[in-house]
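Engineer: Got a predicted structure plus its sequence, pasted below:
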Amino acid sequence: MTRISDTPDKPRDETEAPAIATEFTDSEREVLTFLRNSKRVDLRWLSEEQKQKLKTVLDGLHNGKRLSLLRISKEVGRSYMAIWGLCRALEIPTRSIAEADRNSAVLRSKHKRTPFDGSTEDAAYMVGFKNGDLTAWQVSGTAVMVTSTTTHPAFADLFHQLFQTYSHVYQYPMFEEGKGYKWKVAVRLDNSFKFLLKSALEAVEEFAPKRPLYLSWLAGLIDSDGNIYTSEDNGYPRVRVTIYNSDTLLVNAIIRESRKIGYEFDGPYLLKKKRTITPFGIRYKKDLWQIALQRTESAQTLLAELPLRHSEKTERKLLALRVGNSEWNEIDMELARLKKKIKAGVVEFCKRGEECYVQKQKVRNQKTTANGPNPSSD
């Protein structure tokens with residue numbers, strides 16, 4: 001059999017391209033080496049046997065092993081257009097640019113993304129957490145982007161805990177006029193996380209029939225956009241669990257489905273009207289509604305069932321579960337310490353955000369100065 005390299009073509013300088021990777025078979029390596037060493041591949045000077053071998057190997061690499069033409073061109077040190085033209089001449093089907101971009105997106109990604117491998121309860125919790133205060137969307141054909149902003153270090157820590165085993169979590173400071181400094185967290189996940197794209201109403205419908213999944217989802221929602229209150233009521237501590245949302249259909253669905261498992265949420269109550277601006281500069285684009293589990297005994301029973309993960313909410317939960325027939329002054333001091341600790345953490349977190357933001361702006365300005373002003377046209 002004639003070897004494909006048995007051609008009179010003038011060899012190229014082998015320093016122009018690196019050695020062929022060892023992952024290829026002997027036949028593939030022979031063809032790739034030929035393409036790398038050949039000054040020019042002209043099918044007119046190849047026998048039918050050699051052309052068939054070229055076609056078989058290139059088709060196997062591109063359509064069998066799903067290697068991109070760009071990857072093949074880099075292996076042999078030739079231009080993308082040269083390899084594309086060769087495939088066209090050999091009548092090898094090539095993928096469209098859009099398909100090639102989707103297939104190579106993971107390889108081009110700077111950070112490795114791994115599939116979701118948690119339990120169904122983990123997935124339900126993540127959906128609840130997202131439905132509360134995260135934004136998720138299909139950012140490309142191969143990735144789901146999840147983002148949020150926060151002034152609480154416990155929220156940022158939880159975001160890292162949930163997603164950092166699956167992809168790189170970005171965290172950087174932000175400044176908003178009238179609101180101050182905060183942090184943005186973001187992660188680009190693979191398509192196994194498409195379950196995060198479901199709406200809150202879809203989640204309620206899916207998880208409500210199974211108590212463990214519904215409670216996991218509700219825990220994520222409360223960790224993200226709910227609260228646990230311990231307050232005074234006629235000299236005794238009182239515990240309440242509250243959930244906030246602008247979707248009246250959702251809060252009514254939570255009331256309905258929670259009632260089925262023994263929990264009577266009151267409401268919904270209008271908490272903030274549309275266009276209200278808070279002292280912190282937050283402007284409400286929709287009416288904000290609140291529902292609440294008002295009775296201490298019922299709130300404590302629910303908290304005992306909820307698998308909360310937000311460290312601030314977990315501390316509030318543990319304190320709330322200790323409330324019995326004790327008088328208010330027995331728990332007031334501990335609650336004050338907890339509130340002070342949380343507030344100090346927020347202040348320090350925002351202060352660190354301010355320092356990082358100012359430093360980044362300083363570096364950016366130095367680079368702009370070093371590069372000089374843009375030349376103006378006459």
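Structural biologist: Right, received. Where do you want to start?

Engineer: Packing partners of the longest helix along the chain?
Structural biologist: Ordering each helix of the chain by length in residues (DSSP state H) puts helix 329-371 first. Applying 3 or more C-beta pairs under 8 Å, 6 or more residues apart in numbering; DSSP states H and E, one finds that helix 329-371 makes contact with helix 153-163, strand 169-176, strand 180-190, strand 226-233, helix 311-321. Using the backbone N, CA and C atoms, a C-beta is placed for each residue, glycine as well.

Engineer: Over that helix, what's the mean pLDDT, rounded is fine.
Structural biologist: Helix 329-371 shows a mean pLDDT of 89.

Engineer: Return the angle between stretch directions for that helix and helix 153-163.
Structural biologist: 70 degrees (axes from the mean of the first three to the mean of the last three C-alpha atoms, to 10 degrees).

Engineer: so Pro268 touches Ala292, yeah?
Structural biologist: No: Pro268 is beyond contact range of Ala292, at 9.4 Å (criterion: C-beta atoms under 8 Å).

Engineer: who's more crowded, those two?
Structural biologist: Just comparing Pro268 and Ala292: by other C-beta atoms under 10 Å the higher neighbour count belongs to Pro268, 22 against 19.

Engineer: looking at this, that one is in a helix?
Structural biologist: No: Pro268: not assigned to a helix; according to DSSP: H, G, I helix; E, B strand; the rest coil it is strand.

Engineer: Kindly state the beta-bridge partners for the nearest residue to it once chain neighbours are set aside.
Structural biologist: Leaving aside its chain neighbours, Pro268 sits nearest to Trp289 (4.1 Å; criterion: C-beta to C-beta, 6 or more residues apart in numbering). Beta-bridge pairing for Trp289 (DSSP bridges): Asn245, Leu270.

Engineer: What is the burial count for Trp289?
Structural biologist: 20.

Engineer: Next: Lys274.
Structural biologist: So Lys274, with other C-beta under 10 Å, has 12 neighbours.

Engineer: tell me the secondary structure for it?
Structural biologist: Applying three-state DSSP: Lys274 is coil.

Engineer: pLDDT at the spatially closest residue to it that is not a sequence neighbour, what is it?
Structural biologist: If the residues on either side of it in the chain are set aside, Lys274 comes closest to Asp287, at 5.1 Å by C-beta to C-beta, 6+ apart. Here, the pLDDT recorded for Asp287 equals 89.

Engineer: Same list (the helices and strands packed on helix 329-371) but as JSON lines, adding mean pLDDT, mean neighbour count and distance to Leu67.
Structural biologist: Shown next, in JSON lines, are those (pLDDT from 0 to 100; neighbours: other C-beta atoms under 10 Å; distance: least, C-beta to C-beta, whole Å):
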{"stretch": "helix 153-163", "mean pLDDT": "95", "mean neighbour count": "19", "distance to Leu67": "30"}
{"stretch": "strand 169-176", "mean pLDDT": "92", "mean neighbour count": "14", "distance to Leu67": "30"}
{"stretch": "strand 180-190", "mean pLDDT": "95", "mean neighbour count": "20", "distance to Leu67": "20"}
{"stretch": "strand 226-233", "mean pLDDT": "93", "mean neighbour count": "17", "distance to Leu67": "49"}
{"stretch": "helix 311-321", "mean pLDDT": "95", "mean neighbour count": "19", "distance to Leu67": "46"}
